[in-house]
Structure formats: structure tokens, C-alpha cells
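>>> let's see this in three dimensions:
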Amino acid sequence: MPKSPVGITELQSKVWNGSLTLEIRLSPSDCRTFEESKPYLIQYPRLSYLAFLLPRLHAFFLPSLVNPDLSVHDAWLSFQGVPLKWHYPLGLLYDLFAGAEPAGFDEQHEVGSLDVAADSTAALTSTIPWRLTIHYTDFPFDQLIALDAEGKTIQDTYVNSVKEADFVRNGTARTFMSLSKDDSDDLWRAVQEHDLQLYNKINNKLLNPPGMELRHVPIKIYLPTSARQPATETIQEEPSPGHLRVVQSLVPLLLTSKQPQTLGTALKTILPTIFPSQRNPIFARPVLHGAVLPMVARLGDLGKAAAYTDGFLHITVVMHG
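The predicted structure follows:
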């Protein structure tokens, strides 16, 4: 990635413009007709959340519902039987479950050359449109957070994630907690409306706290259950189905040599059995926004340009073969 602010801005814009084509159908158990209901088709931002779609989906499928008295927040979405978590952004869900071949990159270049998959249709041909199912009954309470009519649940979950990212960056969440109510409201509105200009107005305050230097890069790494795991990692088990493990670690911006931390040096430290080389992805590929990441990418720049709206780099590990 170019060190210049212009290069970071260009990549962030490319990430924000990323989207996926969705084809959403009503579950047969909730459909009042014997025939399949018409699908709802939409081009939806990778950085956004499926929960924001529910009012439009409810209005579209209401005439087909067995029970028309059901509410918007009773709904939940699945892919091939796997309930989709509301607090995961769409792009992360797709990278985790859709199984499309991620876009490639030129290993000799840094993240500035990254081909975001939303702009590279070759990476998406196998599962586009992404076919999802909307349900209104049999809510999987053991796997999903139940939503509320006011939308407070998804907002609170998002805010907690932003606080966590701020704490990781600074060792304290004071920067986020010191935002004014207007700034906090604008941040949430920017996410809902997918407004990059408004988002950056607030996010820049989080990335440039006065009198403080950022210490770590917020990062979460998602592993398939088949991946080999070192005994020293802090792993949060994900319930089945979904078959995920989430790895988190404090990743400094700089190495002890004072050189910039790269994705490769971080992965070799966090997952040494999966990434034994800091330059070559021997056993697996790190994927972000549908694209394979260069191992030489500087994490500091990557965090500024390609983090999700909650401030985290949500990186999916795709095993070779």
C-alpha cells in the first residue's frame, strides 16, 4: 500500500464501493402458497449489515407470509441451513460461507495493488448472486442474537465492537467514550446510510486521538475448524453450524526492530503452524473483502484503508486445497 494519504484514500474508497448481488427467498415453511415466492434481488454493500434490509424484505414478502401478523424483527436469514449472524457485516459473512475463489494479487506489490473482489467479478462467479433464505419461525436463539423492534440490539452490538477496537488501538476506550452524542449518532447513521464522508468525519477522530499514539491494530482472524491450531492462541469457539474459530491477539504497529508490522509478520506470530513464512502463504491464504491479501501489506495502512466500519480487520483464512 502506498504510504501517501492519497493511496490510503483510494483504497478505502474501493473497499466502500464493494457490493454483492443477493437473491433472497422466503422459507417454504413460512410461505402460504405451494409455489415458491418470487425472490428479492438487490446489490448490497459489503460493509453493511443484513439487519438493515429487514424492513424492505418484510414489505416485499408480507403478501406471501402464512402469518401476516409476524413482525419485521421476527425474521432471520440463513445460507444453506447456516443462520447468518446479524453482527457480522455482509462481506465477512460471504467470505466465510460462500466459498467463492478469492481474487488474487501481485505478490511483488503491497496493498495498494489489492483487487477488491467487488470490483473483480472473476472471483465471484461461483456463488453470485448469493442465494439466501429469510425465515419468520423457528428462530435459532442458541446461535443468533434476537433483534428488537427499535433496532437497539444491532446498534448496541456495533457500538460495543467499535469500543473494543478503540481499546485495542489505544489500551483504553477513552477516545470513543469522549465522542459527543452528535458524533456517536453520526457514526451510526453513516453506517446505516453507507455514507463514507460522514463516517470518515468521525472515524478520523478515533484514528487520530489528540496526545496519543496508536499502539495496536484491531484484528480478528477466522479459521475453518479443519485448520491446525497452535496451543498458545486465544480462541473463541463458535457454535455449530458454521464451523468457525475466531482468533484475536494484540498486534503492535511496529516490530521490536521498529520496522512496520506487516500482515506476514503478524500471521507468523499469531498462527505459526498455518503461516510458517512471513512472506509466502504456504498452507493458507488470508482473505479480506473477497481478495487475497499480500503478506507484505503494512498492517497500519491496512487498518486505515480496509477495516470494516467497526474498526476491525476481519480476515478469513482459506486453507489451500
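
>>> in the chain, which ranges drop under the pLDDT threshold?
1-4, 99-126, 225-243 (pLDDT under 70).

>>> so what's residue 26 bridging to?
residue 134 (DSSP bridges).

>>> I figured it hits residue 58, correct?
No - between residue 26 and residue 58 there is no contact under Cβ atoms under 8 Å: 10.6 Å. Where you see a C-beta, it was placed from the backbone N, CA and C, and this is true even at glycine.

>>> can you map out the strands along this structure?
Here the chain has its strands, by DSSP state E, at 19-26, 40-45, 76-79, 82-83, 130-135, 219-224, 235-237, 244-248, 284-288, 291-292, 313-319.

>>> of those, which stretch is the most buried?
For these, the largest average neighbour count (mean count of other Cβ atoms under 10 Å) is found in strand 291-292, namely a mean of 24.

>>> which ones are touching residue 277?
264, 268, 295 (Cβ atoms under 8 Å, 6 or more residues apart in numbering).

>>> typo on my end, it should be residue 300
Listed by Cβ under 8 Å, 6+ apart, the contact set of residue 300 reads 214, 217, 253, 260-261.

>>> likewise for residue 190?
With Cβ under 8 Å, 6+ apart, residue 190 has these contacts: 196, 198-199, 201-202, 309.

>>> state the distance from it to residue 181.
Separation of residue 190 from residue 181 (Cβ to Cβ, to the nearest Å) stands at 15 Å.

>>> same check on residue 274?
43 Å.

>>> of the contacts of residue 277, which is the nearest to residue 97?
residue 295 (24.5 Å; Cβ to Cβ).

>>> what about the closest residue to that closest one other than its chain neighbours, how many residues nearby?
Of all residues not flanking residue 295 in the chain, residue 264 sits nearest, at 3.4 Å (Cβ to Cβ, 6 or more residues apart in numbering). Residue 264 has 21 neighbours, counted by other Cβ atoms under 10 Å.

>>> ok, residue 264 - contacts?
For residue 264, the contact set (Cβ under 8 Å, 6+ apart) comprises 275, 277-279, 295-296.

>>> and those as JSON lines, adding distance to residue 158?
Putting the contacts of residue 264 into JSON lines (distance: Cβ to Cβ, whole Å) gives the following:
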{"residue": "275", "distance to residue 158": "30"}
{"residue": "277", "distance to residue 158": "36"}
{"residue": "278", "distance to residue 158": "33"}
{"residue": "279", "distance to residue 158": "35"}
{"residue": "295", "distance to residue 158": "30"}
{"residue": "296", "distance to residue 158": "31"}
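
>>> now, of these, which are buried?
The neighbour-count test (16 or more other Cβ atoms under 10 Å) marks 275, 278, 295-296 as buried among those.

>>> what is the burial count for residue 148?
Residue 148 is flanked by 13 other residues according to other Cβ under 10 Å.

>>> contact partners for it?
residue 73.

>>> try residue 165
Neighbouring residues of residue 165 by Cβ under 8 Å, 6+ apart: 206, 218, 307, 310-312.

>>> what does residue 50 give?
Counting by Cβ under 8 Å, 6+ apart, residue 50 touches 77, 84, 86, 90, 93.

>>> and which of those is nearest to residue 14?
residue 90 (16.5 Å).

>>> tell me if I'm right that the closest one and residue 45 touch.
Yes - using Cβ under 8 Å, residue 90 is in contact with residue 45, at 7.0 Å.

>>> can I get the contacts of residue 50 in TSV with distance to residue 133?
Below are the contacts of residue 50 laid out as TSV (distance: Cβ to Cβ, whole Å):
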residue	distance to residue 133
77	7
84	10
86	15
90	15
93	13
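
>>> among the residues you listed, which are located in helices?
90, 93 (DSSP state H).

>>> can you pull up the most central residue in this protein?
residue 92 (3.6 Å; Cα atoms, centre = their mean).

>>> mind checking how far that one is from residue 252?
Separation of residue 92 from residue 252 (Cβ to Cβ): 24 Å.

>>> and for residue 176?
20 Å.

>>> again with residue 222
Using Cβ to Cβ, we find residue 222 at a distance of 21 Å from residue 252.

>>> in stretch 183-190, what's buried?
Neighbour counts over stretch 183-190 (16+ other Cβ under 10 Å) mark 186-188, 190 as buried.

>>> what of stretch 78-95?
78-79, 82-95.

>>> hey, C-alpha coordinates of stretch 308-316 in CSV?
In CSV, the C-alpha atoms belonging to stretch 308-316 read as follows (Å, rounded to 0.1, in the frame of the first residue of the first chain):
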residue,chain,number,x,y,z
TYR,A,308,-14.7,-2.8,8.4
THR,A,309,-16.8,0.0,9.9
ASP,A,310,-16.4,-1.3,13.4
GLY,A,311,-12.6,-0.7,13.1
PHE,A,312,-11.5,-4.3,12.9
LEU,A,313,-9.7,-6.1,10.1
HIS,A,314,-11.9,-9.2,9.8
ILE,A,315,-9.5,-11.6,8.0
THR,A,316,-10.7,-15.0,6.8
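
>>> residues contacting that stretch, please?
With Cβ under 8 Å, 6+ apart as the test, stretch 308-316 has contacts from 47, 88-89, 91-92, 95-96, 158, 161-162, 164-166, 169, 190-191, 199, 203, 206, 217-222, 286-288, 293, 299, 302-303, 306-307.
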